[in-house]
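Visitor: Starting from these lines, generate the structure:
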Amino acid sequence: MDMNIFIVEDDVAIFDLLKERLGQWSFHVTGPTDFHDVMGAFLNDKPQLVIMDIQLPAYDGFHWCREIRAVSKVPIIFLSSRDHPMDMVMAMNMGADDYVQKPFHTDVLLAKIQAILRRTYAYGEEAPDVLEWNEAVIDMKRGVIRMDGTEVELTKNEFFILAVLVQSKDEIVSRDDLIRKLWDDERFVNDNTLTVNVTRLRQKLADLGLGEAIVTKKGLGYMAITL
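Guide: Purely as a prediction, here's the structure:
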């Protein structure tokens, strides 16, 4: 799922900072151009999460939170320099999911965003016990892949990468998306680590005759193909 984050912030510098930082993690960022019609932009953009300042032109963030809550359960994070406890209490009572004070660290805000998105859009979803791919069976519980009586054990990272690719088989998964998914799952990886893991995964798949089933799309990412 492509995640669209709707930022209601009249400070252009903060909006641009968040747009750039979140864009690095493949989030699509939008926001209202008319602060008298925040709801119009919200309904048009259909975001998966809202970041809302309190002090805004025309109507304050509490007003827009109330309006959004009348039509949607989308997660809302308040981002404000106001540090009075009553502001925080009011925000949470109106249905906000979190309250972050300015000045803020973008990495902390990013972690909160990812945690809320996991809870909202992945909570309660059960992974299948097995995935079938090219006559092989991927055991989601044990982290192994079996084919024609041969079983190959994978490391956690190798298994996670394979599962992500197979769940999107015959579609390109970008390197950035793979890194972000691994990072979200509390396994820190960088670009070099991803390359090493994919190489090792291919070597293990070769034992099952599937060494060519993970294809590199230069400049785009990887694809688990159907042979």
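
Visitor: Tell me which other helices or strands the helix or strand hosting L182 touches.
Guide: Element membership for L182, per DSSP states H and E: helix 175-184. Using 3 or more C-beta pairs under 8 Å, 6 or more residues apart in numbering; DSSP states H and E, the elements in contact with helix 175-184 are helix 156-167, helix 191-206, strand 221-224. Glycine gets a C-beta too; all of them are placed from N, C-alpha and C.

Visitor: And that helix, what's buried?
Guide: For helix 175-184, burial by neighbour count (16 or more other C-beta atoms under 10 Å) applies to R175, D177, L178, I179, R180, K181, L182, W183.

Visitor: Show me the helices in this protein, by range?
Guide: Secondary structure of the chain (DSSP state H): helices at 12-23, 38-45, 61-69, 85-93, 106-122, 156-167, 175-184, 191-206.

Visitor: what's the angle between the shortest one and helix 61-69?
Guide: Computed by axes from the mean of the first three to the mean of the last three C-alpha atoms, to 10 degrees, the angle separating helix 38-45 from helix 61-69 equals 40 degrees.

Visitor: follow-up on the earlier one: with distance to L117 and mean neighbour count added, can I get the helices and strands packed on helix 175-184 in JSON lines?
Guide: Shown next, in JSON lines, are those (distance: least, C-beta to C-beta, whole Å; neighbours: other C-beta atoms under 10 Å):
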{"stretch": "helix 156-167", "distance to L117": "16", "mean neighbour count": "20"}
{"stretch": "helix 191-206", "distance to L117": "22", "mean neighbour count": "16"}
{"stretch": "strand 221-224", "distance to L117": "21", "mean neighbour count": "20"}
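
Visitor: just so I know, which of the helices of the chain lies nearest M52?
Guide: Closest of the helices of the chain to M52 is helix 61-69, at 4.4 Å (criterion: C-beta to C-beta).

Visitor: ok, and the helix or strand in this structure with the lowest average confidence?
Guide: Lowest on mean pLDDT, DSSP states H and E among the helices and strands of the chain sits helix 175-184, with a mean of 78.
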